[in-house]
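A.B. asks: Build me a structure from this.
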Amino acid sequence: MALLYLESFDGIDTATAGSSHSNFESWASRRCENYVFAGGSGPELFTAYAWGGNGHCMMFGDDGNADSNYIELHAMSGNDTYITGIAIKPGIYVGDNNGTQKLDEIMEWRNITEDVTHITVDMVDGLHLRFNRGTSSYITHVNNALRTGVWQFLEIKITMHETAGAIEVRVNGNEILNETGLNTKDDDGTATEFETIKLMGVDGTADDAGNTYFDDWYICDDTGSNNNDFLGPLKVETLLPTADSTSNWSAYDGTNFDPPTAITRWEMMDNVPQVDDDSSVIYSSTASQQETFVIEDLSFINGDIFGVKMDYDGRNLGSSDTFKALLDSGGSTTTSSALTIPTTTYADAPFACFDVDPQGGGDFTVSRINALLTGVEK
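C.D. replies: Numbering: from 1, shown residues only. This next block holds a predicted model:
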């Protein structure tokens with residue numbers, strides 16, 4: 001499978017601007033391998049500026065603290081080639097009187113096991129892109145790749161190699177850079193695979209137009225037969241449970257065990273923002289036992305659907321334990337490989353991606369998504 005990660009920034013909080021900061025940090029503590037929020041105003045969520053006019057977008061802050069902020073994913077399994085795409089709206093930059101360039105790191109492609117950054121992606125004046133081996137050794141660049149104050153969809157494909165490395169860039173589906181025969185492996189590392197992408201903050205201004213915003217993010221690799229190359233500009237939509245389907249796991253609502261009376265089972269699963277809540281849970285110790293839920297219909301996606309990502313929150317009070325993500329499409333089911341339930345805390349929340357509809361084995365469609373059941377299998 002090639003699809004590794006999808007993020008809409010929608011299922012983090014219902015609040016926006018400064019009110020969303022603490023819940024964004026709670027989301028990062030669950031969903032990211034590492035993160036830093038150095039103070040100031042960010043990160044924050046916004047609906048008014050979202051890519052495509054739907055859902056939320058995020059920014060890392062509207063002051064100088066933002067360029068110390070980052071979120072670092074650990075969604076990548078270790079491969080030499082990855083493709084990532086993210087919507088970006090660079091802040092409108094006005095140079096100082098001396099004409100000094102404004103250079104911002106927006107991504108680091110890293111091997112997290114060795115703690116080595118192999119490729120840094122810099123944005124210059126909100127317009128140009130510069131690629132470095134490590135954090136400072138220039139490799140290549142592309143001028144006027146982006147436009148300030150305007151949403152565009154940036155996609156980057158990098159192959160790590162000391163002599164046969166490659167960097168390809170597309171903006172809004174159009175190729176603007178394609179170079180091969182590069183050295184894209186930093187000398188400080190011995191491994192030849194990327195394991196994570198770090199999304200970096202850009203310092204902003206009190207004027208909203210001077211801030212850089214990010215939205216809908218995907219990552220895939222070049223393996224398999226689906227989603228193994230650029231996906232093009234896309235939207236990611238967050239869907240939550242709306243009803244119970246099969247109720248086989250046990251449940252606890254803080255007062256009552258089966259049946260819970262204070263809250264319905266599906267309402268235990270639709271928390272936004274996510275909360276460390278041991279009083280509304282489902283649980284099972286019976287192998288192969290399943291529980292499924294009806295989910296919301298799509299509201300703004302009406303085209304090609306590349307896949308589904310399932311996010312979970314939970315913890316195990318005992319020793320390490322596992323479960324499987326489950327999809328039911330018209331009675332045809334598929335499950336993920338075993339996912340580890342975090343112990344004692346809600347950190348390192350598990351997720352799984354599916355890029356094949358279990359009903360027929362082809363691509364998902366809008367009607368199939370709207371009829372989909374999602375859930376868990378012990």
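
A.B. asks: State the distance from V236 to I197.
C.D. replies: Note on V236: its distance to I197, by Cβ to Cβ, to the nearest Å, is 16 Å. Where C-beta positions appear, they are placed from N, C-alpha and C, glycine not excepted.

A.B. asks: For these two, work out which one has more neighbours and name it.
C.D. replies: I197 (26 against 23; other Cβ atoms under 10 Å).

A.B. asks: Mind checking what helix or strand follows the helix or strand harbouring that one in sequence?
C.D. replies: Assigned by DSSP states H and E, I197 belongs to strand 196-200. Next helix or strand after strand 196-200 toward the C-terminus (DSSP H and E): strand 213-221.

A.B. asks: what pLDDT, on average, does stretch 29-47 get?
C.D. replies: Across stretch 29-47, the average pLDDT comes to 89.

A.B. asks: ditto for stretch 269-288
C.D. replies: 87.

A.B. asks: Also stretch 140-158?
C.D. replies: 96.

A.B. asks: what residues go with each domain of the chain?
C.D. replies: Listed by automatic domain parsing, the domain ranges of the chain are 3-221, 241-377.

A.B. asks: Export the host helix or strand of L327 to PDB, keeping only CA atoms.
C.D. replies: In this assignment (DSSP H and E), L327 forms part of strand 321-329. The C-alpha trace of strand 321-329 is given here as PDB (Å, rounded to 0.1, in the frame of the first residue of the first chain):
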ATOM      1  CA  ASP A 321      -2.200  -4.800  23.600                       C
ATOM      2  CA  THR A 322      -3.400  -4.500  20.000                       C
ATOM      3  CA  PHE A 323      -6.500  -4.100  17.800                       C
ATOM      4  CA  LYS A 324      -7.300  -3.700  14.100                       C
ATOM      5  CA  ALA A 325      -9.000  -0.900  12.200                       C
ATOM      6  CA  LEU A 326     -12.000  -2.200  10.300                       C
ATOM      7  CA  LEU A 327     -13.900  -1.000   7.200                       C
ATOM      8  CA  ASP A 328     -17.200  -2.500   6.100                       C
ATOM      9  CA  SER A 329     -18.300  -1.600   2.500                       C
END
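
A.B. asks: So which bits of that strand are buried?
C.D. replies: D321, F323, K324, A325, L326, L327, D328, S329 (16 or more other Cβ atoms under 10 Å).

A.B. asks: Run through the residues that contact the nearest residue to G314 once chain neighbours are set aside.
C.D. replies: Nearest non-adjacent residue to G314, counting by Cβ to Cβ, 6 or more residues apart in numbering: I341, 5.6 Å away. For I341, the contact set (Cβ atoms under 8 Å, 6 or more residues apart in numbering) comprises G314, R315, N316, S320, D321, T322, F323, P350.

A.B. asks: how near is the nearest residue to L339 once chain neighbours are set aside to F37?
C.D. replies: Among residues not flanking L339 along the chain, P350 sits closest, at 3.8 Å (Cβ to Cβ, 6+ apart). Separation of P350 from F37 (Cβ to Cβ) stands at 23 Å.

A.B. asks: Over to N144?
C.D. replies: The value you get for N144 to F37, if Cβ to Cβ is used, is 32 Å.

A.B. asks: ok, these two, which is more surrounded?
C.D. replies: Ranked by neighbour count (other Cβ under 10 Å), N144 and F37 place F37 first, with 21 against 11.

A.B. asks: any weak-confidence spans in the stretch 201-350 of the chain?
C.D. replies: Nowhere does the stretch 201-350 of the chain drop to pLDDT under 70.

A.B. asks: In the stretch 1-150 of the chain, what residue spans correspond to helices?
C.D. replies: 21-31 (DSSP state H, counting those that start in this stretch).

A.B. asks: In it, where is pLDDT below threshold?
C.D. replies: For the stretch 1-150 of the chain (pLDDT under 70), the answer is 1, 93-100.

A.B. asks: how deep is the nearest residue to T113 once chain neighbours are set aside tucked in, by neighbour count?
C.D. replies: Distances taken as Cβ to Cβ, 6+ apart place E195 nearest to T113, at 6.2 Å, with adjacent residues excluded. Counted by other Cβ under 10 Å, the residues lying close to E195 total 22.
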